[in-house]
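Chemist: Sequence first, predicted coordinates after that:
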Amino acid sequence: FPGTGRPIISNYCILHRAHRGKNAEVFLKHFHIISFGSASFDSNFPTSEERRTMENIGKYRILSKVGQGGIASVYLAEDERIGKKWAIKAIPKSNIPKDGILLLRNLDHPSLPRIVEELEGDGMYYEVMDYFEGIPLDRWAETGPDALDVICISREILESVAYLHSREIPIIHRDLKPSNFIITAERKVKLVDFDLAVSGEQSGLLPMGTKGYAPPEQYRGICTMRGDVYALGRTIGWIMQSVRTEETGIFERRLIRQIEEVCDTASSEDMKKRFGDAGEMLEAFEKCCRKRKLSKICLAGGIAAVL
């Protein structure tokens, strides 16, 4: 719903409102679907023109339009033969970036969307990729998670970006922020929106980013792994503030303070004082946990165990 500031909802909610007379606001509170895509999302169906030309993309039936960014649109689609839903990113061939959309092809990490098929047609380029159900990190933080849940999520966030930075030519996301991390029902982290991502540290780029999370040098066209580290410090420092303090013990409060110090280093205005990459920040994070004798950060069920 334009102007509401709500996360997107699927056409499931819209159909319920239209055909069963329900108030979609009820669904907005309890049913959020976020799929891989661009920085901005909307809850609209495709336009009439889009429906005429995009009822099907190859073997995939288009269900709804779920995202719109600067260079691409994102659609929720279904492979009816196997009953599985996918996200399809549609980019005009003239707008395919040098890096961005191409970077996911050779990556393999549980927190990143997999590209399963690439299609072309009518001057468009389509990438079929994993569809994630969940809520963005900022919405998740509003639920008042406990300290150990926040630590689990923070570690997965760091691991996902450390993987990108560990490539032979590091991948720099350039738009890390709470809304670009999706938390699934199983409390797993998914990193989305690679529209600004580039391969390798660079300078002379267009000054793009999100206020409050992009590092100062990014607005001068400078792109380094330390820039992603800055955004990680801002993001993890922010979610540490969401912990339910009234239910937090001395152990957790001390650990949170130490992690916040790591985040302060990461988000220094002076890029030389930051960690060199997300892997270094992850090491500092884990050192805090070892000091507090936190032996297991993220188990399959998202529960931390303390010795």
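Modeler: Looks like it came in fine. Keep in mind that what you see is a predicted model, and the values were worked out from it rather than measured.
Chemist: Strands along this protein, start to end?
Modeler: Counting by DSSP state E, the segments of the chain that form strands are 56-57, 60-68, 73-79, 84-92, 115-121, 124-129, 135-136, 171-172, 181-183, 189-191, 198-199, 294-296, 305-306.
Chemist: what pLDDT does residue 242 get?
Modeler: Note on residue 242: pLDDT of 87.
Chemist: Oops, could you answer that again for residue 19 instead?
Modeler: Model confidence at residue 19, given as pLDDT, is 35.
Chemist: Residue 256 versus residue 250, what's the distance?
Modeler: Between residue 250 and residue 256 the computed distance is 11 Å (C-beta to C-beta, to the nearest Å). Any C-beta I mention is one placed from the backbone N, CA and C, and that applies to glycine too.
Chemist: With neighbour numbers in mind, choose between the two.
Modeler: It is residue 256, of residue 250 and residue 256, that has more neighbours when counted by other C-beta atoms under 10 Å, with 20 against 7.
Chemist: Now the more buried one. Nearest residue, chain neighbours left out?
Modeler: In space, and not counting its chain neighbours, residue 256 is closest to residue 240: 5.4 Å by C-beta to C-beta, 6 or more residues apart in numbering.
Chemist: isn't the one you found right up against residue 262?
Modeler: No: here residue 240 does not reach residue 262: they are 10.0 Å apart, not a contact under C-beta atoms under 8 Å.
Chemist: Look at the two and report which has more neighbours.
Modeler: residue 262 (25 against 20).
Chemist: Quick check, the more buried one in contact with residue 286.
Modeler: No: using C-beta under 8 Å, residue 262 is not in contact with residue 286; the gap is 10.0 Å.
Chemist: Show me the beta-bridge partners of residue 202.
Modeler: Counting by DSSP bridges, residue 202 forms beta bridges with residue 223.
Chemist: please renumber so the chain begins at 249
Modeler: Renumbered: residue one is now 249, and that last one reads residue 450.
Chemist: Could you double-check that it lies in contact with residue 471?
Modeler: Yes: between residue 450 and residue 471 there is a contact at 4.7 Å, judged by C-beta under 8 Å.
Chemist: hey, where'd the helices end up in this protein?
Modeler: In the chain, the helices defined using DSSP state H lie at 259-268, 272-278, 296-302, 385-389, 395-413, 473-488, 498-514, 526-539.
Chemist: Alpha carbons of the fifth one, as PDB, please.
Modeler: Spelled out, that is helix 395-413. The C-alpha trace of helix 395-413 is given here as PDB (Å, rounded to 0.1, in the frame of the first residue of the first chain):
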ATOM      1  CA  ALA A 395      20.200 -11.000  23.600                       C
ATOM      2  CA  LEU A 396      21.200 -14.500  22.400                       C
ATOM      3  CA  ASP A 397      18.900 -14.300  19.400                       C
ATOM      4  CA  VAL A 398      20.400 -11.000  18.400                       C
ATOM      5  CA  ILE A 399      23.900 -12.500  18.800                       C
ATOM      6  CA  CYS A 400      23.000 -15.500  16.600                       C
ATOM      7  CA  ILE A 401      21.600 -13.300  13.900                       C
ATOM      8  CA  SER A 402      24.600 -10.900  14.100                       C
ATOM      9  CA  ARG A 403      27.000 -13.700  13.600                       C
ATOM     10  CA  GLU A 404      25.100 -15.000  10.500                       C
ATOM     11  CA  ILE A 405      25.200 -11.400   9.100                       C
ATOM     12  CA  LEU A 406      28.900 -11.200   9.500                       C
ATOM     13  CA  GLU A 407      29.400 -14.700   8.000                       C
ATOM     14  CA  SER A 408      27.500 -13.800   4.900                       C
ATOM     15  CA  VAL A 409      29.500 -10.700   4.200                       C
ATOM     16  CA  ALA A 410      32.800 -12.300   5.200                       C
ATOM     17  CA  TYR A 411      32.100 -14.900   2.500                       C
ATOM     18  CA  LEU A 412      31.700 -12.200  -0.100                       C
ATOM     19  CA  HIS A 413      35.000 -10.500   1.000                       C
END
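Chemist: What angle do helix 526-539 and that helix make with each other?
Modeler: 150 degrees (axes from the mean of the first three to the mean of the last three C-alpha atoms, to 10 degrees).
Chemist: what bits of the stretch 399-548 of the chain have low per-residue confidence?
Modeler: Across the stretch 399-548 of the chain, the ranges flagged by pLDDT under 70 are 495, 539-548.
Chemist: Looking at the strands of the chain, which is nearest to residue 357?
Modeler: For residue 357, the closest of the strands of the chain is strand 437-439, at 8.6 Å, according to C-beta to C-beta.
Chemist: Tell me the neighbouring strands of the closest one, and mark each as parallel or antiparallel.
Modeler: Using DSSP bridges, the strands paired with strand 437-439 in its sheet are strand 429-431 (antiparallel).
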